[in-house]
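Q: Predicted model follows, preceded by the sequence.
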Amino acid sequence: RGTFWWQYVRLFLGTLIRALGFLIAKAPEEAGDELVALKSVYAHPGSLRAARVGRARTSNIGAARIRYLFPSPWLPYQHGFDSLREVLTTVMKPEAVSTGGRRTSGRRASAFDATPESAQGDHGGPSFWRRRPWLTMVLVLVILSLVAARGLLTGGSLHGGALLPAPDTAGGWWQLYFERWHNVGIGSDVSAPPYALVLALAALPVWFEPSLLIAVLMLGAVPLAAMTAHRVSGRWFGSRAVRIVWAITYALVIVATGAVAQGRIGTVVAMTVAPVVVGATASLLDRPGWQAGLRLGLWLALATAFAPVTYLGAIVVFAAVAVSAQRAQRRQQAPWQSLLVALLVPALLTGAWMWQRVVVPFRWWWEAGLADAHVGSLNVSWWEIILGRVGGPGAASPWLSIGIVALGILTLFSGRRRTAVSWCWFVALVGLVITVAGSSMTFTPAPGPDSVPVWCGVGAVVWLGGLAAAAFFVIDDVMARPIRRSQAAKAFGAAVAVIALVAPLGTGAWWLIRGVDDPLTRGDLREVPAYLASRPAQKTVVVEGGINDGVRYDVVVADGMSLGQEAVQPSRADSAGVTRLLATLLSNPTGRNLEALASYGISAIYAPATVDAELARRLDAAPGLDPSGSEDPDSRVWTLEAKPVEVQHRGGFERWLIAAAHVLVLIIAVVLTAPVRQRRRQL
């Protein structure tokens, strides 16, 4: 009886999930069949009970004896995994869909089975690495990533540099995206960043440990970027060796900029998605249409959500692609309508996040994470920009990129693959312009310091990635031509091969030796003492600096911000009241000043590290401000005698509706771009 009720509930919920899966996979007929079957069984519990009673009367064989005749209860879920893999494969590379097939009760297909691409190389011998060299290389990259991330694999939430720790659960990102009033600083009603929704969706399988998702994205940046680069390179390069070396080179370019060590999650995610955007663009040119434009727009929206400057580069590239295709006049349908759809999708999905950057152009360079990352100077010379370095700790030596730049310049003198090389150079120059423009800019975040230098990692990766692609186009063409070579030609070819391997081998060695820590680290990021952090509804003013050289402050709620909250901090205008109160408190303190501070929900003032003597003296003399204990002997804490007032949530219900509309549009877009599955008819 217990087994029956377990199956009764499991089949009910499993059928609903299966019907939803069919709808997502665009198989409405199969979804309807599932719902009809569900109704026919569960709408007639009396018939089901009568059937069980009749079976019990006539059955003379135990269920255990015939259990082997039934399929495994996990078989439907394995079918669902296969279908999901087919959907993802089709979305990422619709021009070459490989189907792993349905599972059977006998041999089960595996995600590691040979695809048509890998099956072509199965003539290399019985060894695994010769039959599946790319899968072997991915496993090697994963192992090397674990070596490079030594010391960052356990021990708390990953943070440091521009990266803030993840919330306690994935619900923190959902709440941030839907809530009308953000309890950050003194509070704000700023629209949540779109990458909070992306992280919330991605963290569903690890709901109670969202920091695991951040660790995979950051510490696994090299294998993830290499897989996306290799996936799209199948339509570019004929040589498998060229595809593998290109993919590894591109992935290591991201690490070489210092993006991982500095916690630049915006650059890491956007540049991991960038090859998929390029592949979707090429697919759109092959078969223009609204569905291809929608698919491209979804990938572009994902990259834009983490690094908005990606959208600026896409506008320029898409405009050039549309003009070039129009002049070619070889297609019956011009692609500019599809490209326009691709550009409209990110604007719809990102909403106010996008329009804020239209109003304040400097914000295009503000990626996911802290604007003021405290990673040192980002001032770089012109030759460092040419070599793809944009400042900050954790970057490889610029000279490791000189081979990529040199080979990129040599491709300008190659007469073959001229079209591909020209496009690579165009994309690379777009990245270089973005880097040069950003390196001369500063902007003022909210509330933040007066000015913050711009991080230009996205432009640097696009610049070097474009040059590397141009170089490998020519190398692939040379390897495909069986021509007789003189000794000089062979020597020149060997020299080119050595130069091409300098970047991946040199950067890879540097990556393993240095690692990806500092400033990236693990642990509990608590900005205030533990007893202050344990009061989630109250706020602490953290003051730094001194009376003579200026006082800087920040309002911390509980133990500090989590990833995503840095984008919803109150503006300078909203924080002006607290700024005036603190200035008065340090010059002519009164009890009324402290009561006004308490009205913002502030209950304490904390001065970390070594406290300025004059600053401490003035706070000690303030009426209504009591000195309190601190964990660090070099720091000081003062608590307000006035009871802090809980700030009432403001904001209208329309904010929730807008967020729900974004989620609905995203779901519709994903369903519309999923591959169409037709019912298998019985003959």
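A: Yes, it's here.

Q: Going by C-alpha atoms from here, please, whenever you check contacts or count neighbours.
A: Noted.

Q: Show me which helix or strand of this protein is least confident by mean pLDDT.
A: helix 116-119 (a mean of 42; mean pLDDT, DSSP states H and E).

Q: mean confidence for the helix or strand just after it?
A: Going down the chain from helix 116-119, the next helix or strand is helix 128-131, by DSSP states H and E. Averaged over helix 128-131, pLDDT sits at 74.

Q: Could you do stretch 137-149 as well?
A: 94.

Q: got the contact list for residue 624?
A: Going by CA atoms under 8 Å, 6 or more residues apart in numbering, residue 624 touches 591, 594, 640-642.

Q: Please repeat the previous calculation with a cut-off of 7 Å.
A: 591, 594, 640-641 (CA atoms under 7 Å, 6 or more residues apart in numbering).

Q: Adding secondary structure as columns, could you present these in JSON lines?
A: Conversion of the contacts of residue 624 to JSON lines gives the following (DSSP: H, G, I helix; E, B strand; the rest coil):
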{"residue": "591", "secondary structure": "helix"}
{"residue": "594", "secondary structure": "helix"}
{"residue": "640", "secondary structure": "strand"}
{"residue": "641", "secondary structure": "coil"}
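
Q: By neighbours, which of those residues wins?
A: For the contacts of residue 624, counting by other CA atoms under 10 Å, the largest number of neighbours falls to residue 594: 24 neighbours.

Q: how close does that one sit to residue 578?
A: To residue 578, residue 594 is 11 Å away according to CA to CA, to the nearest Å.

Q: Residue 443 too?
A: For residue 443 relative to residue 578 (CA to CA), the value is 22 Å.

Q: Those two - which one has more neighbours?
A: residue 578 (21 against 18).

Q: export stretch 337-344 as PDB, just CAs?
A: Output of stretch 337-344 as PDB, limited to C-alpha atoms (Å, rounded to 0.1, in the frame of the first residue of the first chain):
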ATOM      1  CA  GLN A 337      15.400  42.700 -40.000                       C
ATOM      2  CA  SER A 338      16.600  39.700 -38.000                       C
ATOM      3  CA  LEU A 339      19.600  41.700 -36.600                       C
ATOM      4  CA  LEU A 340      17.200  44.500 -35.600                       C
ATOM      5  CA  VAL A 341      15.200  41.900 -33.600                       C
ATOM      6  CA  ALA A 342      18.400  40.700 -32.000                       C
ATOM      7  CA  LEU A 343      19.100  44.200 -30.900                       C
ATOM      8  CA  LEU A 344      15.600  44.800 -29.500                       C
END
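
Q: From residue 251, how far out is the spatially most central residue of the chain?
A: Closest to where the C-alpha atoms of the chain average out (CA atoms, centre = their mean) is residue 269, at 3.5 Å. In this view, residue 269 and residue 251 are 12 Å apart by CA to CA.

Q: cool, residue 465 as well?
A: 9 Å.

Q: repeat for residue 321
A: Where residue 251 is concerned, residue 321 sits at a distance of 25 Å (CA to CA).

Q: Please say which of these two ends up with more neighbours.
A: For residue 321 versus residue 251, neighbours defined as other CA under 10 Å are more numerous around residue 251 (27 against 19).

Q: That one: which element?
A: Under the assignment here (DSSP H and E), residue 251 is part of helix 240-256.

Q: following that helix, which helix or strand comes up?
A: Taking DSSP H and E, what comes next after helix 240-256 is helix 265-286.

Q: any idea of the mean pLDDT for whatever helix or strand residue 66 lives in?
A: Following DSSP H and E, one finds residue 66 within helix 63-66. In this model, helix 63-66 has a mean pLDDT of 72.

Q: Keeping just the C-alphas, turn it into PDB.
A: Below are the C-alpha coordinates for helix 63-66, written out as PDB (Å, rounded to 0.1, in the frame of the first residue of the first chain):
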ATOM      1  CA  ALA A  63       5.200  -8.100  -7.700                       C
ATOM      2  CA  ALA A  64       8.900  -8.700  -6.900                       C
ATOM      3  CA  ARG A  65       8.900 -11.700  -9.300                       C
ATOM      4  CA  ILE A  66       7.900  -9.600 -12.400                       C
END
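
Q: Show me how far that helix is from its chain's centre.
A: Between the centre of helix 63-66 and the centre of its chain there are 49 Å (CA atoms, centre = their mean, to the nearest Å).

Q: residues contacting residue 298?
A: Counted by CA under 7 Å, 6+ apart, residue 298 has contacts 345-346.

Q: Look up how far residue 360 lies from it.
A: From residue 298 to residue 360 the distance is 24 Å (CA to CA).

Q: hmm, back to that, now the angle from the helix holding residue 251 to helix 265-286?
A: Relative orientation of helix 240-256 versus helix 265-286 (axes from the mean of the first three to the mean of the last three CA atoms, to 10 degrees): 140 degrees.

Q: Show me what counts as buried in helix 240-256.
A: For helix 240-256, the neighbour count (16 or more other CA atoms under 10 Å) marks 240, 242-256 as buried.

Q: pLDDT on it, on average?
A: Mean predicted confidence for helix 240-256 is 94.

Q: just checking, what packs against it?
A: helix 221-233, helix 457-480, helix 487-514 (3 or more CA pairs under 7 Å, 6 or more residues apart in numbering; DSSP states H and E).

Q: try 6 Å this time
A: Where contact means 3 or more CA pairs under 6 Å, 6 or more residues apart in numbering; DSSP states H and E, helix 240-256 is packed against helix 221-233.

Q: relative orientation of the helix it packs on and helix 240-256 in degrees?
A: Going by the same axes, to 10 degrees, helix 221-233 makes 140 degrees with helix 240-256.

Q: From the rest of the structure, what touches helix 221-233?
A: 141, 247-248, 251, 272, 275, 279 (CA atoms under 6 Å, 6 or more residues apart in numbering).

Q: tilt between that helix and helix 457-480?
A: Going by the same axes, to 10 degrees, helix 221-233 makes 50 degrees with helix 457-480.

Q: The chain should start at 534 in everything you say after this.
A: Yep, numbering from 534; the last one is helix 754-766 now.

Q: Alpha carbons only: can I get helix 754-766 in PDB?
A: Listed next in PDB are the C-alpha coordinates belonging to helix 754-766 (Å, rounded to 0.1, in the frame of the first residue of the first chain):
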ATOM      1  CA  ALA A 754      36.300  30.200 -16.400                       C
ATOM      2  CA  VAL A 755      39.000  28.600 -18.600                       C
ATOM      3  CA  PRO A 756      37.200  25.300 -19.400                       C
ATOM      4  CA  LEU A 757      33.800  27.000 -19.800                       C
ATOM      5  CA  ALA A 758      35.200  29.700 -22.200                       C
ATOM      6  CA  ALA A 759      37.200  27.000 -24.100                       C
ATOM      7  CA  MET A 760      34.100  24.900 -24.600                       C
ATOM      8  CA  THR A 761      32.100  27.800 -26.100                       C
ATOM      9  CA  ALA A 762      35.000  28.800 -28.300                       C
ATOM     10  CA  HIS A 763      35.600  25.300 -29.500                       C
ATOM     11  CA  ARG A 764      31.900  24.800 -30.100                       C
ATOM     12  CA  VAL A 765      31.600  27.700 -32.500                       C
ATOM     13  CA  SER A 766      35.000  27.100 -34.200                       C
END
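
Q: Show me which parts of that helix are buried, residue by residue.
A: So helix 754-766, judged by 16+ other CA under 10 Å, has buried residues 754-766.

Q: what's the closest of those residues to residue 944?
A: residue 766 (18.2 Å; CA to CA).

Q: What segments of this structure are strands?
A: 691-692, 975-976, 985-986, 1054-1055, 1072-1079, 1083-1090, 1135-1140, 1158-1161, 1169-1173 (DSSP state E).

Q: Centre of the chain to the fifth one, how far?
A: What it means is strand 1072-1079. 32 Å.

Q: Which other helices and strands does it contact?
A: Using 3+ CA pairs under 6 Å, 6+ apart: strand 1072-1079 touches strand 1083-1090, strand 1135-1140.

Q: With that, I have no additional questions.
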